[in-house]
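**Q** Output the structure for:
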Amino acid sequence: MTLMRRRKCNSIDVVASQTNSRTKLTLLSPLKDHTQKQQNNDDNEKETSTSTSAYKPATISKRDNDVAYSTKKPIQSFLMAKFFILRFLGFVYFTAFVGAYYQNRGLLGTNGLNPASTYMDQLRATSSGKWDGFLSHPTLFWLMDGPIRDEHLDMISVAGIGLSLFVALGLDSWLVMAFLWVLDFSIVTVAGGSSFYQYGWESQLLETGFLAIFLCDLPHFVISTTTGDKRTWRLQGLWCDSTVTFSSSSPPSLFTLWLFRWLCFRISIGAGLIKLRGSSCWQDKTCLYYHFETQPIPSPFSFFFHFLPNDILKMAVDLDYFVQLYTIWLVLVPGCTVWMIWLRRLGGFMQAGFMVNIILSGNFAFLNHLTIIPALACLDDNSWPLSLRNLVIKEGRRYSSRAARTKTISYKTPKSVKAVRIGLDICLVVLIATLSSPVITNLLQWGEGRTQQMNASFNAFRLVNTYGAFGSVGEARYEPIVSISHDGHTWHELEFPCKPGRVTRRPCFCAPYHYRLDWNIWFLGFKPHKAMLQRREQWVIVLLAKILESNGSQLDRPWLELLDTSSAKHFLTTPKYAKVDMFRYKMAAPLWVLMKEGWYQMMNKGSDAVEVVWWQRYFEEVLVEPVSFHSETKNLVYANIPGI
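**A** Numbering: from 1, shown residues only. A predicted model of the protein is given here:
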């Protein structure tokens, strides 16, 4: 006969069982039920717990957290990483599609600077069929035969805005993520005839979005078991991922998490190597003397970083190398032991923290926000604050409140579904590994005379790419200023939403929003300026022609929305002349000095206060001489201004 007695000792339940005059002590985990009776009755819960023991959900008490750390082979879960990767990616998608909605008519529309319909016609003419064209240039516009109208671009953008908002709010699934990936790809592809979407983060968003599809559950039926032994079948993972229930029955794929870490590694190591092999100022540690002043769209905080002591800026270059070339290897550390888990967490935190630092230093669209996402794959559930874990778990359980009232015990995923998922993950890993070969070759510069390409794609679907930014940094800022005139004597400078123009205009905060025209016109600052105008930024000539062309309807001038609202007052009547001049811009003073001047201006408003001067500028050269529009040839001609 067996005698059972229970006692409490140091918050751990101890059961002493005496059998055949021997005493046996058994430690029961606090995560299990406290009575032997409940263990015998709740067979369904035990079955589910066994099937998911390799992937425990996030702990929700400090005691559980301490127990998890005391084990030699810690059991990790990444439900929090899955949750926030999808939420943050939804936010980035939302930002990208909002920008597309407000700007694509002026950039790619029928009356835009570079109509997408023209480029799509070229693709149709060179492709043997729609399927062949889709495989080489993926876009939904292969489904239609006519020209791409503004309404079509708006439909893509609005659909992307709606779906990405659902994802950001937690209503995601593999189907939603796949739709978002295709919608984003459709815009990027038809913009291929211009330089407006030729940025590294376009490919990075596509690659990140593709991996996120496999982070979600596959659609499958699960067996729902209640305390009354009632079993029902339920479809899961079709429109709404099971992450919202924070269920351990549907953990994120470890294969996919490792692919996110591989993406994080390639982004960082590529950026570090391009600096090491790029401009000599990176070796001299002087690049940051100029970078904050010459970056595409400085923010007010850029005026703080630019005026830091040179010794600190040199140390910042060392920090850049340290994070991007050395500590990045930590994200690839496997979590075999506790100290290896801590090393991987450290790598993830350092990559994310470094991106936050860059976000503060300037406006880099959604590049840095997007780069934080793969770093989250390094953080297991115990990396997150306890309060945040409890908040997410509570929010997730709200979804299953009805199930809680019916005392639902478990959801059992069929073994066949798990087998299919493992097979799919293996295929995905093989695909990414195969496509990574040219990327590795590019990073290592294998091959005679080969140099590292920056932000390059090696396959039509951009599944694996190489990344890098600011391999070369200019030592001076040259800003193109577009001016128009109605009489040839009085000239009005056109302001863009965020780029420097008027010296008294305060720099803006716009990231993660991407003002594409502001970014593109920045490239004209590279010398020789006219060579950049003739090669990469030919749209400037098109913009001047549209400015001078007589069009009474606002619908015929969608490009006007790409300019700052202060420029609209100059288009009440059609201007006759336009020109582009290059100016050398320098930051006028540190941020703390400008803030003091701004405070004085605010306190003395209406008296003798003057506007705060943010920039100093000096004329450099004429980029485009005064031109006018020839109504018969529909071309620009050099202006013959009376009296000049």
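
**Q** Show me the shaky parts of the chain.
**A** Screening the chain residue by residue with the criterion pLDDT under 70, one finds the ranges 1-74, 219-250, 393-413, 448-449, 551-555, 605-609, 643-644.

**Q** Could I get the full set of strands for it?
**A** Listed in chain order, the strands of the chain (DSSP state E) span 3-9, 12-19, 22-28, 220-226, 231-236, 408-412, 456-457, 465-466, 477-485, 491-493, 577-587, 615-630, 635-638.

**Q** What is the last one packed up against?
**A** Think strand 635-638. Applying 3 or more Cβ pairs under 8 Å, 6 or more residues apart in numbering; DSSP states H and E, one finds that strand 635-638 makes contact with helix 539-548, strand 615-630. C-beta: built from backbone N, CA, C; applies to glycine.

**Q** now what about the first one, what contacts it?
**A** When you say that, I think you mean helix 539-548. Around helix 539-548, the neighbours that count as contacts under Cβ atoms under 8 Å, 6 or more residues apart in numbering are 111, 113-114, 194-196, 480, 482, 484, 520-521, 524, 533, 557, 559, 571, 574-578, 580, 624, 627-629, 634-636.

**Q** quick one, that helix and strand 615-630 angle?
**A** With axes from the mean of the first three to the mean of the last three Cα atoms, to 10 degrees applied, the angle from helix 539-548 to strand 615-630 works out at 60 degrees.

**Q** Let me see the ranges of the helices in the stretch 101-250 of the chain.
**A** Using DSSP state H, counting those that start in this stretch, the helices found in the stretch 101-250 of the chain span residues 116-126, 130-136, 150-168, 174-190, 200-213.

**Q** Can you tell me the closest non-neighbouring residue to Phe91?
**A** The shortest distance from Phe91 to any residue other than its chain neighbours is 4.9 Å, reached at Ala168 (Cβ to Cβ, 6 or more residues apart in numbering).

**Q** Could you do Glu621 as well?
**A** With Cβ to Cβ, 6+ apart as the criterion, Glu621 has its nearest non-adjacent residue at 5.0 Å, and that residue is Met582.

**Q** Report the beta-bridge partners for the one you found.
**A** Here Met582 shows beta-bridge partners Pro480, Glu621, assigned using DSSP bridges.

**Q** which residues touch it?
**A** Under the criterion of Cβ under 8 Å, 6+ apart, the contact partners of Met582 comprise 478-481, 524-525, 529, 619-623.

**Q** how does it look with 7 Å?
**A** 478, 480, 529, 620-621, 623 (Cβ atoms under 7 Å, 6 or more residues apart in numbering).

**Q** Buried only: go through these for me.
**A** Neighbour counting over these (16 or more other Cβ atoms under 10 Å) leaves 478, 480, 529, 620, 623 as the buried ones.

**Q** these two touch, right, Thr208 and Ile373?
**A** Yes - between Thr208 and Ile373 a contact is recorded at 5.8 Å, counting by Cβ atoms under 7 Å.

**Q** okay, and the common contacts of these two?
**A** Shared contacts of Thr208 and Ile373, counting by Cβ under 7 Å, 6+ apart, come down to Leu89.

**Q** Of those two, give the one with the bigger neighbour count.
**A** Higher neighbour count among Thr208 and Ile373: Ile373, with 28 against 24, using other Cβ atoms under 10 Å.

**Q** ok, the more buried one to Gly348 distance?
**A** Counting by Cβ to Cβ, to the nearest Å, the gap from Ile373 to Gly348 is 11 Å.

**Q** got the domain boundaries for the protein?
**A** Domain ranges of the chain: 3-34+49-70, 81-207, 217-412, 477-638, per automatic domain parsing.

**Q** For Arg462, find the nearest of the ones you listed.
**A** Arg462 sits nearest to domain 81-207 of all these, at 4.7 Å, using Cβ to Cβ.

**Q** From the chain's centroid, how far away is the closest one?
**A** Relative to its chain's centre, domain 81-207 lies at 15 Å (Cα atoms, centre = their mean, to the nearest Å).

**Q** before we move on, back to that, which one of the contacts of Met582 is nearest to Tyr101?
**A** The shortest separation between Tyr101 and any of the contacts of Met582 is 26.6 Å, and it belongs to Pro480 (by Cβ to Cβ).

**Q** okay but that closest one is in contact with Val580, surely?
**A** Yes - counting by Cβ under 7 Å, Pro480 touches Val580, with 5.4 Å between them.

**Q** Correct me if wrong: Val92 contacts Asn368.
**A** No - with contact defined as Cβ under 7 Å, Val92 and Asn368 do not form a contacting pair (10.5 Å).

**Q** For these two, indicate the residue with more neighbours.
**A** Counted by other Cβ under 10 Å, Val92 and Asn368 do not tie: Val92 has more neighbours, with 25 against 22.
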